[in-house]
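Visitor: Sequence and predicted structure below; questions after.
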Amino acid sequence: MIIASVMALISFKLKQPMVIAYIAAGMIIGPYTPPFSLITNLEILNVFAEIGIIVLLFVIGMGFPIEKLKNIGKKATIIASAEALGTFALGYFAAQAMGFSSFDSMFVALAISVTSTVIVMRVLEEMGLVDDKSFNLIVGVSIIEDIIIISMLAVIQSVVATEQLSYTEVGVAIGFVLAFIIGAIVVGTRTVPYYTRIVKKTGHNEFILVAMLGLAFGLSVIAFKLGISVATGAFFAGVLVAGTKIGIPTKAMAIPIRDMFAALFFISVGALMDVKQLPLFILPAIALILVSISSKFFTVWISAKLLGFNKKISFRSGIGLSSSGGELALVAAKGGADVSVTSSMLLPLVGTMTIITTFLSPYIIKYGWKFSERFGKDESVDKTSS
């Protein structure tokens, strides 16, 4: 944390995202960085990283209450599905063409399918584009995409853990994930509100926080026992809490904990990077970034146009959702390492891509928005309201 705080200060002075500072801190203290290493037991760091993933996804889930998910609309769901599945397919074949193994290809394809929602939302807010008609579509698509990616991570982990890729194994894995999600929502919507009312009556913030984190870790344990990613359990725990009366205060109390353990997660990612091999990842990283940006842009643009959105909204939505990376990309990459099926180069490769796209995304959005002005006024037809 000492090194991380120093790097965070430098990052702040340079007006760069904190995630880069934390990854750099991990690289500095990691076992692969000469002349010394401050970390000798990576397993302990991985434990903190796992806690970080659970708390991080729990807080992210609290931003997506069930009622909000219901109101997103069919069109956003269709676009998100086309984007996530299209980028995953293109990413997989691109990785295969570059000589990656089947498992490495799957997890790197999943990682580049993620949109950095936090970066996109922050850039659009700073540009004063929250009231833009394409903003709501971007938000809706990104929410659905996060759920799709988390569900796909759970399915892929379940399948590759058996080291079999038969249709039966895929079907069983999908069945388990769907059963868990549906079960969590159906049972959770009937029990969690009652549970939170009891907790709220105590009036003790400490107990409220511990009880809600207990729910997050409880669903994570159930997910883990079913062979599903703990991130899935934590995310849907957050979704259930978000719809209750203590959702907002719980999120406010959990954010500092999230920030600390999320920092440890990014530090662990950096510590696992062999800095001597980073030059080897530059060309593959750039190639995969180009695949990700182009596939995301065209799948969103084409599907939005087919659904009746005009050129300007379709173009801006494609630009806004074309950035890849962020915390979920690293979670997806680490998911392969957690089930011991990916090579040691995958995590540093995705880390390198995350650093590059974190720098590029604000500029892509900024100049893409300016370019879209040539499409004329932002007029849309009535049927695009959903």
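Guide: Yep, it's here. Fair warning: this is a prediction, and the values are worked out from it, not measured in the lab.

Visitor: where does the stretch 151-300 of the chain have low pLDDT?
Guide: Low-confidence segments of the stretch 151-300 of the chain (pLDDT under 70): 161-170, 173, 275, 277.

Visitor: Tell me where it has helices.
Guide: Applying DSSP state H, counting those that start in this stretch to the stretch 151-300 of the chain gives helices spanning 167-202, 205-225, 230-242, 247-271, 278-306.

Visitor: for the last one, packing partners?
Guide: Put plainly, it is helix 278-306. helix 74-97, helix 102-112, helix 311-320, helix 346-371 (3 or more Cβ pairs under 8 Å, 6 or more residues apart in numbering; DSSP states H and E). Backbone N, C-alpha and C define where each C-beta goes, glycine included.

Visitor: pLDDT of the second one, averaged?
Guide: Across helix 102-112, pLDDT averages out at 88.

Visitor: One more: the longest one?
Guide: Along helix 346-371, the predicted local confidence has a mean pLDDT of 79.

Visitor: Would you mark the buried spots in that helix?
Guide: Across helix 346-371, burial judged by 16 or more other Cβ atoms under 10 Å covers 346-358, 360-362, 364-365, 368-369.

Visitor: Repeat that for the first one.
Guide: For helix 74-97, a neighbour-count test (16+ other Cβ under 10 Å) marks 75-84, 86-88, 90-92, 94-95 as buried.

Visitor: Grab the nearest non-local neighbour of the residue nearest the centre of the chain.
Guide: Residue closest to the average C-alpha location in the chain (Cα atoms, centre = their mean): Leu328, at 2.4 Å. Leaving aside its sequence neighbours, Leu328 sits nearest to Val114 (Cβ to Cβ, 6 or more residues apart in numbering; 4.5 Å).

Visitor: Gly227: which of the helices and strands packed on helix 278-306 is closest?
Guide: When those are compared by Cβ to Cβ, helix 102-112 sits nearest Gly227, at 16.0 Å.

Visitor: Report the angle between the closest one and helix 278-306.
Guide: Helix 102-112 and helix 278-306 are oriented at 60 degrees to each other (axes from the mean of the first three to the mean of the last three Cα atoms, to 10 degrees).

Visitor: Could I get the buried residue list for helix 102-112?
Guide: Phe103, Asp104, Ser105, Met106, Phe107, Val108, Ala109, Leu110, Ala111, Ile112.

Visitor: list the helices and strands the host helix or strand of Ala332 packs on?
Guide: Element membership of Ala332, judged by DSSP states H and E, is helix 327-338. Applying 3+ Cβ pairs under 8 Å, 6+ apart, we find helix 327-338 packed against helix 42-61, helix 102-112, helix 133-160, helix 247-271, helix 346-371.

Visitor: List the contacts of it.
Guide: The set of residues external to helix 327-338 that reach it, using Cβ atoms under 8 Å, 6 or more residues apart in numbering, is 19, 49, 53, 56-57, 103-104, 106-108, 110-112, 114, 116, 118, 146, 149-150, 153, 156-157, 160, 229, 231, 262, 265-266, 269, 272, 342, 346-347, 349-351, 353-354.

Visitor: for stretch 261-272, same thing?
Guide: Here stretch 261-272 makes contact (Cβ under 8 Å, 6+ apart) with 1, 4, 18-19, 22-31, 39, 42, 45-46, 48-49, 51-53, 55-56, 327, 330, 334, 337, 347-348, 351.

Visitor: that older thread, nearest approach to Leu283 belongs to which of the helices and strands packed on helix 327-338?
Guide: Across the helices and strands packed on helix 327-338, Leu283 has its closest neighbour in helix 346-371 (10.4 Å, Cβ to Cβ).
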